[in-house]
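Trainee: Model the following, please.
(one chain, ligands or ions: 1)
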Amino acid sequence: MGGDSVLLGCDYNFEQWSPAVWREDMALMREAGVGLVAINVFGWSHLEPRPGEYDFAALDEIVELLHEAGIGINLGTGTASPPPWLTRRHPEVLPVTADGTTRYPGGRQAWCPSSPVFREHALRLTEQVAARYGDHPALALWHVSNELGCHNALCYCEAGAAAFRVWLEQRHGTVEALNRAWGTAFWSQRYASFDEVQPPRLALSVRNPAQLLDFQRFSSDALLAHYRAEAAVIRRHSRARITTNFMVTAHIRALDYWSWAPDMDVIANDHYLDHRLPDPAAELSFAADLTRGLAGGRPWMLMETSTGAVNWQPYNLAKEPGQLVRDALTHVARGADAVCFFQWRASAQGAEKFHSAIVPHAGTGTAVWREVLELSATLRRLREVEGTTVEADTALVFSWESWWATDTEARPSQDLRYLDQVHAAHRALRELGVTVDVVAPGSDLSRYRAVVVPCLHLVSDEDAATLGAYVERGGRAVITFYSGIVDPDDRVRLGGYPGAFRDLLGVVVEEFAPLLPGQEKPLRNGGRATVWTERLRLTTARTEEAYEDGTPAVTRNDFGAGQAWYVSTVLDLRDVLVKVVDAPGTQKDTEVVRRGPYVFVINHGAKDVEHPATGEELVTGQPVTGSVLVPAGAVRVIREQA
Ligand code: GLA
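Mentor: Numbers count the residues shown, from 1 in each chain. The predicted structure is shown next:
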């Protein structure tokens, strides 16, 4: 993507600045080696100040300035946030929350994904922008809307309700089928016609979980339909690649990106370190692996990240010296071919004025600016890495549908959260030095030596069969508790848990037995189990790890030519995984990822480390024989000698 460098890019909200600043910025962008700039992401109220009246003067000028500077353009359709005139004239486009209250303009993304009025206006603007710039030589990429569903994914308004009914009819066909799928025989919820069905608005009690699940699916599909509508308009005017920025993060779960990914010409993700999590760096690695999975293993773009603090967490931490480069290169190690920052110049006003940027409020005489220059130089030295792919022989199965089905209103324990279990499995593998591909349920697993399946609560018969066949042919699977329990309609599979995987695992779970916060159950190996236990009976499996009272905690079943392991509690997963996967091991705080012939050694710790390697180190340009020194907090990339 980047010519002579792994691409460095940024968002440029030029509307905030004067033409004099634009000129200064072009010179600075060249100095920083910026190769791609996202513009017009929030341009609507400037481009169409009054209905049907367009003003492209400023955008034209920026487009030409970037072109003259030799910088590629990542062009927003400008539809991310409606202008005030639209919501004033058509308040019916405003989103409504589950309790029936309207969300007003004044922030951003104040529109219902199913609103036909919003769609019509957004497509009209898209048409104008696409027709005007569709074949501009500086145009590198189309950026549809922005982070679709970041704030407005679930809308409970009347337009949304009508669209939900249409969607349900398409999915279920008849109202009888809907009644069966949702189990409406319980609590007198039987529908006589689709007209009676509502979105799952806030109720006095627990809501119907199958209705909630279908509403999640519908909402993801509604936003994807919006993406497709804008992309179709663009396609009539332009041959450039089209994408939108995904949010593969810990706090956004509304979009099933497995279903979105095939529509993207290139997969782009926005990632910000989340300091609300116990291990933010481990989550970064997981998100990068999942993004690569969405890209089908091919290179992808980091469309947004921060040079320092964000402004939307309770405590917005600055990055430590060296961390800007380290975090960026961790994404590159895991398959990114572009690193873009939000945003170019820190805002002086508005909702994000305390969000970091490439040019901070203090200007270019700053450590952040110097680190961006250092990153830029490093990305140039890593040019040859571009286009190469990460090879992994272990897979981890991830499912948005299981996330929705697990983290629902009434569940056996509120400490049971899907993402916690996924993160724990990925973190354990990362600490064992294992590089992991994140794959969708039902994926072809034949090339993996081992597959880890955390908390796959909802699974279809076909996807369960794919996993079973993989093991039967010699694969190794590690499946953790609460997996296989319900079918795609959220209906419990009867006959004992873990339902779909009972035969594969050779166990029957008669009862869940969650633990209270702080409660522990000692294991025979000296470890301890927390959060979750089960009343488990072996059929064909044998015990691999037991509680102190001798009852099974971890089991193994020989199935066909392979092995199926079951982990029925929360424990140190490394103890189990080390017996199943080929774990090279790593030094403490050190992450090692292989991408093509390149080995990235990422030192998150405060001490220098020596890593065995022979070849050429690309960051320093030095030959390496036997071992490479990776200074504390730094990254080294070795092209290994064949
Ligand atoms: C998202 C948005 C940006 C900005 C950043 C701030 O990624 O797309 O517009 O709000 O968050 O972190």
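Trainee: Which residue, other than its chain neighbours, is closest to the residue of the stretch 501-642 of the chain found nearest the ligand?
Mentor: Minimum separation of the stretch 501-642 of the chain from the ligand (Cβ to the nearest ligand atom) falls at residue 604, amounting to 22.2 Å. C-betas here are computed from N, CA, C, even on glycine. Nearest non-adjacent residue to residue 604, counting by Cβ to Cβ, 6 or more residues apart in numbering: residue 589, 4.5 Å away.
Trainee: Repeat that for residue 432.
Mentor: Of all residues not flanking residue 432 in the chain, residue 583 sits nearest, at 3.9 Å (Cβ to Cβ, 6+ apart).
Trainee: Wait, that neighbour touches residue 577, no?
Mentor: Yes. At 6.9 Å, residue 583 counts as touching residue 577 under the criterion of Cβ atoms under 8 Å.
Trainee: still on that earlier bit, any idea how many residues pack against the residue nearest to residue 432?
Mentor: Residue 583: 18 surrounding residues under other Cβ atoms under 10 Å.
Trainee: what's near enough to touch the residue of the stretch 501-642 of the chain closest to the ligand?
Mentor: 281, 326, 589-591, 633 (Cβ atoms under 8 Å, 6 or more residues apart in numbering).
Trainee: Just the pLDDT for it.
Mentor: We have a pLDDT of 97 for residue 604.
Trainee: Okay, it and residue 590: tell me how far apart.
Mentor: Counting by Cβ to Cβ, to the nearest Å, the separation of residue 604 from residue 590 is 7 Å.
Trainee: where do the contact lists of these two overlap?
Mentor: With Cβ under 8 Å, 6+ apart, residue 604 and residue 590 have no common neighbours.
Trainee: Tell me the buried residues in stretch 362-372?
Mentor: 364, 368-369, 371-372 (16 or more other Cβ atoms under 10 Å).
Trainee: Report the two members of those separated by the largest distance.
Mentor: Greatest spatial distance among these (Cβ to Cβ): 364 and 371, at 11.7 Å.
Trainee: So which bits of the protein are right by the ligand?
Mentor: Proximity of the chain to the ligand, by Cβ under 6 Å from any ligand atom, involves residues 146-147, 270, 272, 304, 310, 342, 352, 355.
Trainee: mind running it again at 5 Å?
Mentor: Contact residues, the chain versus the ligand (Cβ under 5 Å from any ligand atom): 147, 270, 304, 310, 342.
Trainee: Quick check: the farthest pair among the residues you listed?
Mentor: Maximum distance among the residues of the chain next to the ligand (Cβ to Cβ): 13.4 Å, for 147 and 310.
Trainee: so where does residue 177 fall, helix or strand?
Mentor: For residue 177, the element it lies in under DSSP states H and E is helix 175-182.
Trainee: what's the distance between that helix and the middle of its chain?
Mentor: 32 Å (Cα atoms, centre = their mean, to the nearest Å).
Trainee: go on, stretch 259-276?
Mentor: The chain centroid and the centroid of stretch 259-276 are separated by 5 Å, computed with Cα atoms, centre = their mean.
Trainee: From the residues of the chain next to the ligand, which land in strands?
Mentor: 270, 304 (DSSP state E).
Trainee: got the contact list for the residue in the stretch 1-150 of the chain that the ligand sits nearest to?
Mentor: The ligand sits closest to residue 147 of the stretch 1-150 of the chain, with a gap of 4.3 Å, by Cβ to the nearest ligand atom. Counting by Cβ under 8 Å, 6+ apart, residue 147 touches 80, 244-245, 247, 270.
Trainee: For the one residue in the stretch 401-550 of the chain that gets nearest to the ligand, give me the pLDDT.
Mentor: For the stretch 401-550 of the chain and the ligand, the shortest gap (Cβ to the nearest ligand atom) falls at residue 419, measuring 18.9 Å. On pLDDT, residue 419 comes in at 98.
Trainee: Residues in contact with the host helix or strand of it: which ones?
Mentor: Per DSSP H and E: residue 419 is located in helix 418-431. Here helix 418-431 makes contact (Cβ under 8 Å, 6+ apart) with 250, 253, 277, 279, 282-283, 285-286, 289, 394, 396, 398, 402-403, 406-407, 436, 438, 452, 454-455, 457, 478, 480, 482, 570, 572-574, 577, 581, 586, 591.
Trainee: What subset of these is buried?
Mentor: Here, 16+ other Cβ under 10 Å leaves 250, 253, 277, 282-283, 285-286, 289, 394, 396, 398, 402-403, 406-407, 436, 438, 452, 454-455, 457, 478, 480, 482, 570, 573, 577, 581, 586, 591 buried among the contacts of helix 418-431.
Trainee: Sitting in strands, which of these do you find?
Mentor: Here DSSP E is the test, and these give 394, 396, 436, 438, 452, 478, 480, 591 as lying in strands.
Trainee: Wait, residue 122 touches residue 81, no?
Mentor: No. Taking contacts as Cβ under 8 Å, residue 122 lies outside contact range of residue 81: 10.5 Å.
Trainee: list the contacts for residue 242?
Mentor: Contacts for residue 242 (Cβ under 8 Å, 6+ apart) come out as 141-142, 144, 231, 234-235, 264-265.
Trainee: residue contacts, the residue nearest the centre of the chain?
Mentor: Nearest to the geometric centre of the chain sits residue 248, at 1.3 Å (Cα atoms, centre = their mean). Applying Cβ under 8 Å, 6+ apart to residue 248 gives the contacts 257, 269, 271, 287, 290-291, 294.
Trainee: Pull up the gap between residue 600 and residue 512, please.
Mentor: For residue 600 relative to residue 512 (Cβ to Cβ), the value is 41 Å.
Trainee: And these two? Which one has more around it.
Mentor: The residue with more neighbours, out of residue 600 and residue 512, is residue 600; 24 against 18, by other Cβ under 10 Å.
Trainee: Which secondary structure state is assigned to residue 471?
Mentor: Assigned by DSSP: H, G, I helix; E, B strand; the rest coil, the conformation of residue 471 is helix.
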